[in-house]
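Peer 1: My questions are about this predicted structure, shown below with the sequence.
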Amino acid sequence: MNLSGRSPASREKRLDTLSAYLGETSALLKEYESTEVDQRIRTFSQSTPDDVLSALKLLAGFRDAMTIIHGPRGCAASSVQLALAPAQEGRRGRWIVTNLNQRETIMGSDNKLRETVKANYSRYAPKAIFIVATPAVSINNDDIQSVANELSDELGVPIIPAYTSGFASKASVHGNDVAAHSLIKQLLPSTRGERGEHVNLLSTTELASDCHEAERLLVALGLESNTLPNATSIEVFRRAAEARLSVPLDYEATTYLGNALQELAQVPYLTLPRPIGVVATKQWLSGIGAATDRVQEALHLHIRETVAATAILQSSPLRGVRVYLSLSPSTALGVLDLVQELGGEIVGITVEHLDRLSLEGLRHYQQKASALHIHIGHGQGFEEVNLLRRIKPGLYVGSGSHITQIAQLGIPSLYLPRIPIIGYRGVVSFAREASKVLRNQSFVANLAKQDSVYLASWLQRSPNWHIKQEVK
Amino acid sequence: MNNHYIEHSRSGCALLGALATIAAINRVVPVVHSTAGCSIQYQEGIVPFGGSTPSGAQWGAPLSSSNISQKHVVFGGGSRLREQLKNTVKVVSADLFVVLTGCATEMVGDDIRAMTKEGREQGFPVICANTPGFGGSFHRGYQQAIRALIEQLPELQVEATPRNSLVNIWGVVPQQDAFWYGHLQQIEALLDESGIVANTLFGGERGLKEWKDIPYAALNVVVSQWGRETAILLEQKYGTPWIEVAGLPIGPLATDRLIQAIANYLPLDADALQSIQQRKQQQFSRTLATLGPVYYRIGLQREFAIVGELSLVSGVVYFLAHSLGLIPKLAIITDVRADEHSEAVTTSLIGVAGSSDISVEYSEDAGEIRDLLRSSDAELLIGSSLEREIAEELNVPLLAIFFPVADSLILNRGYLGDSGALALIEDIGGAILRSSRSAVSVDRVAQCAG
C-alpha cells in the first residue's frame, strides 16, 4: 500500500474499477482474469455522485469533529441532510462551507480557509477539523496543506485535509478511500498502546440499526466492538490502532481503511462478505470466529439465531418472484443471496461500479446465474428503464433516486437505503418490506399513468448503445 | 448575498438554483455540463427539503449530465458537451434543452455558447446559461436561468402589444421557497378573483406556451427582490412597467394591497374590486373569530422570532402583527447581506411590523443565527428545520416553513391569500400544541418579575 502521497491513486488505477458496462458476466470476468481491463465511457450520461459526496458522508460520522467544505456553497448542498439527520443515527455532523466566490477561485482562497477554520474552532472547539477539497480548489491546486499545518500547530488540534476533486475517479466510492487515507495518516497515534481485546467494526454509512445488529452479534460472540468511522468519535478512531482485528460491514467502502490499519498498526483485516442473508451472515460470523478462537461459539450463535429467520424463510413473500437489483456491488451481491434464500429468482443486476474487490462475488453470481448480464452504472436511469422494460421483473430493489422512473414502468419497487438488511434481523425486515411492496401496488399503478421522459426511439435501441470503449 | 463562510448553508449555488428553475418549467430539460456530483448535490440537498418537486424534469432525477473527468479538466470539455448534447436530444423527450455550466467547465473555459449555437444550427432546441457555483447563490441561478430564456428563446425576440389583464409574476424561487408551487397557484387564484390573469410561469403544466406570453403582459409584478432583475430586463426589452411589493400577500389586508397596486396599471373596475375585497374581508374576519377559544387557551399571542427569506418573512410578520396580535421581536433575514443597502430593508421591515420594537438582523450562518435566537427570548420560532436544535434547547415551539423543510410534506400547500393565512394559523397552532410549553413558564415569569 502506498500511503505516502496526499491522496490515493484513482480507484481505476488501483482496482480496475469500472463505472460503465452492460454485457455478459463471463466476458467481464475473463477480462478481470486477464491482465488488462478496458475502461468504458458513456457518450450520454446522467447525474452520478462524485468522490466529494462519499468523503463528506464518511467524515460526517465523527460526532466530535467538524467538516469544512472548501469550495463554492453548492458543494455543501447535500450536506444539509447531514445537519438534519435524525439524532439516533448519530451522524449529525457539523459543517461549514467556505463559500468561495469568483475572485477567490482565481486569486486563491487560503486566507478565507484560515479565517473559517479559526473562527469556527473558537466557536465549537471540535476534536478535529476536516477540510474537504472540491472541484474548484482542486483545479486551482490551492494550498490547503500549509494552512492545515500552520493552524494545526497554532490551535493544537488535528486539521486533516481530504483531497477529493470531483474528477480524479469516475467512481464515487473512491471518496471513501481518499477520506480513509487522510484519517489514517493524521489520526493514528504515533506510538501504539497495548493491544486490546476490541474488534474494529468498519462501517461508513450503514443505518444505526444495521450497526447495532452487527454489534449485537459481536457481543454475543464475547467480543467488544469498536465501530468506526460511522457514528464515532476521534477517540474511538484512535483506539482502532490497538484493536485485535478489523472486520468490514461493507468491504467496498472500508477495505482501504482496513488494509491501512493492517499495514500501519498491524491490526489484521478480515476479508468478509457483507453479512446479508442467513448464509453470508454465517460466513461473516465463522470468519470472525476462526480469527478469534471462537469457532464453536460462532456456529452455536448461528444455529440459535437461524430459528427465528427460518420461519420467515418458509413463509417468504418472494417465493417465485422475479427480482432485479440495482445497488452498490457489495450490497447487490449480498442481497442476491438473501433474495434466493427467500425463494425469489434473480433476473439481473445493476451495480454502481465494479472492481477487483467484488470479483469473488461476481464469480459466485456467474455460477448461480450464468446466462445473466451485468450492468454497471450509478444513477443511469435511462439505461435501466430501457433494460427493465425488456426484463419486466416482478420486484425491483434499488438505492438510486431514479427508482421512481422504474416504478413508473409498473414494477413494484423497494427502496433499500432505509431498510435494515444486516444479519438475522435484516432478513426479517427485508422480507417484511418486500411483502408490503408486493401486496399493494396502487401507487405504482398511478405512477405508470404518467408519460415517460424518455423518447420511444431510445427505448427501442439497445440499452448499451451509449457505452463505448475508451479511446486512449 | 453573503460572501462569508457559512455553517449549515440554507441555499445552494447558482448552478443548483438554475437547475431547480429550469426543472420547474414543463418539458424544459436542463443539461448539466460539469463534474459528476453537482446534480447529486441538487438531488440530495435540494429536492428532499425544497417542498414541491418539479414534475418537469421527471421529479428531479436523474438529469442529463456530462460528468466531465480528469481528461476534460486538462484538455477541455467542449467535445464532451457536444457529444452529450447530441445524445440528450435522442434520449430525452423535451421542448427545450438548457445547458448549464458548473465551476469546473467555467474554470477550464469551455465555450458553451459556441456548442449551443452549433446544436441550434443542427435543429436542436437548445439554449445555455453560465451558472458556475462560485458565481453566486441559488437565487442568482434563478435569475440567470430566467435571463437565458428571455434573451435566447427565439419566440421572445419580438415587439409586443400588451394584453390588458395579463401580468407576469417574478420572485418566487422554485425549491428555495419550499411552498413555491402552492404560492404561485395561490397568487394566480387570488388575482383571478379580481379579473387579473397571472402568468406564473413555473410548476405543473406551465411550459413554453406560458413563457411565450411574457412580452404581452401589461405589468410585471415582483414579489421578492429576486424578481427585480428580470422586471428591469423586461422593461428594457418590451417597455413593460413593473411594481415590487413588500412581502408575499398573506391574508385579506395584504391581498388587497397587492390588488390595489396592480389596479393602478390595469383598467379594472374599482367599485367591483372594492366590493369583492369587502366581502372577502368579512368572510375572513368571521372565520378568524372562530379561533377565539383556542387563541386564549394555547396563548397564541406570542412574542416571536422569525428566520428566513425577506419576502415571506415580510408577509408573515405583516399578517401575524396586523391580524393575529402576535408580536414580532426578532427577524433574521437570510437572503439579504448586511451592508449599506440593508438599512433600507430594516426600515421597510419596521414599517411592515408596524412597530420599531422588532430587531432586524442579517445572517445565513447557523452559528450566528443560534446566538441571535438565544438572546431573543422569543416564545415562538418560525424558521427552517435547521432551527430544530436551538428550538429544543430554548424549549420554544418551532414552525419550519423556510428551506430546508425536513419535518413536513409539501405538495401544493402555501400560505398566501385568505386560505393560506388560515393554513398558517393552523400550522402555528399545531406547532404550539405539539410543543411541551403551552403554559407560561415559571422561569420566564420570574425573569420578567426580576
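Peer 2: Alright, I've got the coordinates.
Peer 1: Take the biggest helix by length in chain B, keep the C-alpha atoms, and write them as CSV.
Peer 2: If you go by DSSP state H, chain B has its longest helix at helix B:270-289. This file holds the C-alpha atoms of helix B:270-289, laid out as CSV (Å, rounded to 0.1, in the frame of the first residue of the first chain):
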residue,chain,number,x,y,z
ALA,B,270,-62.6,50.0,-8.9
ASP,B,271,-66.1,49.6,-7.4
ALA,B,272,-66.3,45.9,-8.3
LEU,B,273,-62.8,45.4,-6.8
GLN,B,274,-63.8,47.1,-3.6
SER,B,275,-67.0,45.0,-3.1
ILE,B,276,-65.0,41.8,-3.7
GLN,B,277,-62.4,42.8,-1.2
GLN,B,278,-65.0,43.8,1.4
ARG,B,279,-66.9,40.6,1.1
LYS,B,280,-63.7,38.6,1.4
GLN,B,281,-62.6,40.6,4.5
GLN,B,282,-65.9,40.0,6.2
GLN,B,283,-65.7,36.3,5.4
PHE,B,284,-62.1,36.1,6.7
SER,B,285,-62.9,38.0,9.8
ARG,B,286,-65.8,35.6,10.7
THR,B,287,-63.5,32.6,10.3
LEU,B,288,-60.8,34.2,12.3
ALA,B,289,-63.3,34.9,15.2
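Peer 1: Quick one: name whatever helix or strand follows that helix.
Peer 2: Downstream of helix B:270-289, the first helix or strand assigned by DSSP states H and E is helix B:292-297.
Peer 1: how about that following helix as CSV, C-alpha atoms only?
Peer 2: Extracted in CSV, the C-alpha atoms of helix B:292-297 (Å, rounded to 0.1, in the frame of the first residue of the first chain):
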residue,chain,number,x,y,z
GLY,B,292,-61.3,32.6,19.8
PRO,B,293,-61.4,29.8,22.4
VAL,B,294,-58.1,28.2,21.2
TYR,B,295,-56.4,31.6,20.9
TYR,B,296,-56.7,32.1,24.6
ARG,B,297,-56.3,28.6,25.7
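Peer 1: contacts for it?
Peer 2: With C-beta atoms under 8 Å, 6 or more residues apart in numbering or on different chains as the test, helix B:292-297 has contacts from B:300-301, B:429. Every residue, glycine included, has its C-beta placed from N, CA and C.
Peer 1: and the next element down the chain from that helix?
Peer 2: Moving toward the C-terminus from helix B:292-297, the next helix or strand (DSSP H and E) is strand B:303-308.
Peer 1: any idea of the mean pLDDT in that following strand?
Peer 2: Per-residue pLDDT over strand B:303-308 has a mean of 98.
Peer 1: Just checking it against chain A, any contact.
Peer 2: No - taking C-beta under 8 Å from any C-beta of the partner chain as the criterion, strand B:303-308 and chain A are apart, separated by no less than 14.5 Å.
Peer 1: Following element in sequence after that strand, please.
Peer 2: Toward the C-terminal end, the helix or strand that comes next after strand B:303-308 (DSSP H and E) is helix B:310-323.
Peer 1: which of the contacts of helix B:292-297 count as buried?
Peer 2: With neighbours counted by 16 or more other C-beta atoms under 10 Å in any protein chain shown, those contain buried members at B:300, B:429.
Peer 1: Out of the contacts of helix B:292-297, which is nearest to chain A?
Peer 2: For the contacts of helix B:292-297, the minimum distance to chain A (C-beta to the nearest C-beta) is 23.9 Å, reached by residue B:429.
Peer 1: so who does that closest one touch?
Peer 2: Shown in contact with residue B:429 (C-beta under 8 Å, 6+ apart): B:294, B:298, B:300.
Peer 1: Show me which residues of the helix or strand where it lies are buried.
Peer 2: Applying DSSP H and E as the criterion places residue B:429 in helix B:417-434. Buried residues in helix B:417-434, counted by 16+ other C-beta under 10 Å: B:417-425, B:427-429, B:431-432.
Peer 1: Make a markdown table out of those and add pLDDT.
Peer 2: Formatted as a markdown table, the buried residues of helix B:417-434 follow (pLDDT from 0 to 100):
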| residue | pLDDT |
| --- | --- |
| B:417 | 97 |
| B:418 | 96 |
| B:419 | 96 |
| B:420 | 98 |
| B:421 | 98 |
| B:422 | 97 |
| B:423 | 98 |
| B:424 | 98 |
| B:425 | 98 |
| B:427 | 97 |
| B:428 | 97 |
| B:429 | 96 |
| B:431 | 96 |
| B:432 | 95 |
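Peer 1: and the two most separated of those?
Peer 2: B:417 and B:432 (23.1 Å; C-beta to C-beta).
Peer 1: now the buried residues of helix B:417-434 in CSV, with distance to residue A:366?
Peer 2: As requested, those are arranged in CSV below (distance: C-beta to C-beta, whole Å):
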residue, distance to residue A:366
B:417, 62
B:418, 65
B:419, 60
B:420, 59
B:421, 63
B:422, 62
B:423, 57
B:424, 59
B:425, 63
B:427, 55
B:428, 60
B:429, 61
B:431, 56
B:432, 61
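Peer 1: Quick check: of the residues you listed, which lies closest to residue A:235?
Peer 2: Ranked by distance to residue A:235 (C-beta to C-beta), those are led by residue B:431 at 37.9 Å.
Peer 1: If anything else comes up later, I'll come back, but that's it for now.
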